[in-house]
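Peer 1: Mind looking at a prediction? Sequence and model below.
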Amino acid sequence: RQGNEEQAKHHRERGFRKNPLSVMEWRGQGKPVQLLVLASATGGNIPLAQWIPREIFHTTTLAVEYFNPDAQLPEHQLLLNTIGDADLCQEALRIACHIAARTKAPVINPPAAVLETGRLKMARRLAEIPGVISPRMAPFAKSDLCSDTAIASLHASELGFPLLLRPPGYHGGNFFVRVDGPDALADAARSLPGEQLLAIEFLDSVQHHGLYEKFRVMSIAGQLYPLHLGISHNWKIHYFSSSMAENPTGRKREAEFLNDPAGHVGPAAWSTLQAICRAVDLDYFGIDFGLDAQGNVLVFEANATMTLTPVDAEAKWDYRRSAASHALDALRGVMAGHCAIKIRPA
């Protein structure tokens, strides 16, 4: 996460080479359902472990890069692929495809489908959906962005300023910068890890009172679940760093979205989100988006790495609990449905 790949690789080797398996013990009565979770040692996994009902599942997690392909798979009745980052985890997802091909058990989030959700590929796929505005995006070598021909190369890719730069495979705002003009381009590129960067068109999601807005909905089993609305003075909105805690007006707007998402964003935008849901066709993924002045959906990203985070215990966040619980119940319902079992609501 800090961008030091060599040290990360060293510790991955120490941690997983001798034993790529870890077990989360069952805590129920009767007989457990055997769950096999596929994960990448590199990261880029959906952090779902806290939501797996331990009273139902005995869970074995496999770091796929270190699994002997000739070894027998651990006992399982359900396979859950949590490898979500198609940019960071291409190798892991290809290995996971071979593992998934060996099982007769149901597979949640098939790795072959997740492989199609890289940031650049998704931007191009979703741009074909009416009502979607997806940012122009192009990969560049860092050295090219620091050269005398950088501006011409950007123009050739139909990119201008302001633009966003990020190395593939990072989330949560890490190593993600805005460049407002040509003079700042080389320094911004040098500040980021890795030798390959994505240059991304800046989509302006400013709404009420000059504030930026970013919505998140989860697609679970083909249905949309509103999760949050972040509002901030900063273009780089993440809910944990937004100004929602100090913004009662913003919390009121978020409550309106959570209580009536289709009504809040408008029926046309909601229909567009449903079209995205159908096009991506994963059991579990999220969509981060904004709206422009015409009500078009500005898709910032859509992928399987998005998580269901717990709602803070303070009373002022009570309005968020129902929406979060509905999404969590839907996720647990997907797992239960494949095993013909009943799971009590969260």
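Peer 2: Perfect, thanks for sending it.
Peer 1: The residue nearest to residue 319 when sequence neighbours are not counted is in what secondary structure piece?
Peer 2: Spatially, and ignoring its direct neighbours in sequence, residue 319 is nearest to residue 255 (4.3 Å; C-beta to C-beta, 6 or more residues apart in numbering). Just so you know, the C-beta spots here come from the backbone N, C-alpha and C atoms, and that holds for glycine as well. Using DSSP states H and E, residue 255 falls within helix 248-259.
Peer 1: which helices and strands does that helix pack with?
Peer 2: strand 223-232, helix 261-265 (3 or more C-beta pairs under 8 Å, 6 or more residues apart in numbering; DSSP states H and E).
Peer 1: can we see that at 7 Å?
Peer 2: strand 223-232 (3 or more C-beta pairs under 7 Å, 6 or more residues apart in numbering; DSSP states H and E).
Peer 1: Relative to residue 297, how far out is residue 276?
Peer 2: Distance of residue 276 to residue 297, computed by C-beta to C-beta, to the nearest Å: 8 Å.
Peer 1: So for the two, which residues contact both of them?
Peer 2: Common contacts of residue 276 and residue 297, defined by C-beta atoms under 7 Å, 6 or more residues apart in numbering, comprise residue 132.
Peer 1: Please, where are all the helices along this structure?
Peer 2: Using DSSP state H, the helices of the chain run over 5-16, 90-101, 111-114, 119-126, 142-145, 150-156, 185-190, 248-259, 261-265, 267-280, 321-339.
Peer 1: a markdown table for those, including mean neighbour count, mean pLDDT and distance to residue 34?
Peer 2: Shown next, in a markdown table, are those (neighbours: other C-beta atoms under 10 Å; pLDDT from 0 to 100; distance: least, C-beta to C-beta, whole Å):
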| stretch | mean neighbour count | mean pLDDT | distance to residue 34 |
| --- | --- | --- | --- |
| helix 5-16 | 12 | 78 | 21 |
| helix 90-101 | 19 | 96 | 15 |
| helix 111-114 | 22 | 97 | 19 |
| helix 119-126 | 18 | 94 | 33 |
| helix 142-145 | 17 | 96 | 45 |
| helix 150-156 | 14 | 96 | 51 |
| helix 185-190 | 16 | 96 | 48 |
| helix 248-259 | 17 | 95 | 36 |
| helix 261-265 | 18 | 97 | 36 |
| helix 267-280 | 18 | 97 | 28 |
| helix 321-339 | 18 | 90 | 10 |
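Peer 1: Just send those back as JSON lines, with distance to residue 168 too.
Peer 2: Shown next, in JSON lines, are the helices of the chain (distance: least, C-beta to C-beta, whole Å):
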{"stretch": "helix 5-16", "distance to residue 168": "12"}
{"stretch": "helix 90-101", "distance to residue 168": "10"}
{"stretch": "helix 111-114", "distance to residue 168": "15"}
{"stretch": "helix 119-126", "distance to residue 168": "6"}
{"stretch": "helix 142-145", "distance to residue 168": "12"}
{"stretch": "helix 150-156", "distance to residue 168": "18"}
{"stretch": "helix 185-190", "distance to residue 168": "14"}
{"stretch": "helix 248-259", "distance to residue 168": "30"}
{"stretch": "helix 261-265", "distance to residue 168": "29"}
{"stretch": "helix 267-280", "distance to residue 168": "18"}
{"stretch": "helix 321-339", "distance to residue 168": "26"}
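Peer 1: Out of those helices, flag the one nearest residue 38.
Peer 2: Ranking these by proximity to residue 38 (C-beta to C-beta) places helix 90-101 first, at 4.8 Å.
Peer 1: what sits up against the closest one?
Peer 2: By C-beta under 7 Å, 6+ apart, helix 90-101 touches 38, 40, 42, 64-65, 69, 73, 79, 81, 83, 86, 107, 110-112, 114-115.
Peer 1: Looking at these, which are in strands?
Peer 2: Members of these lying in strands (criterion: DSSP state E): 38, 79, 81, 107.
Peer 1: Kindly give a single PyMOL line that selects the buried subset of the residues you listed.
Peer 2: Command for PyMOL that selects the buried part of these, burial taken from 16 or more other C-beta atoms under 10 Å:
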select buried, resi 38+79+81+107
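Peer 1: Name the nearest of the ones in strands among the contacts of helix 90-101 relative to residue 311.
Peer 2: residue 81 (26.2 Å).
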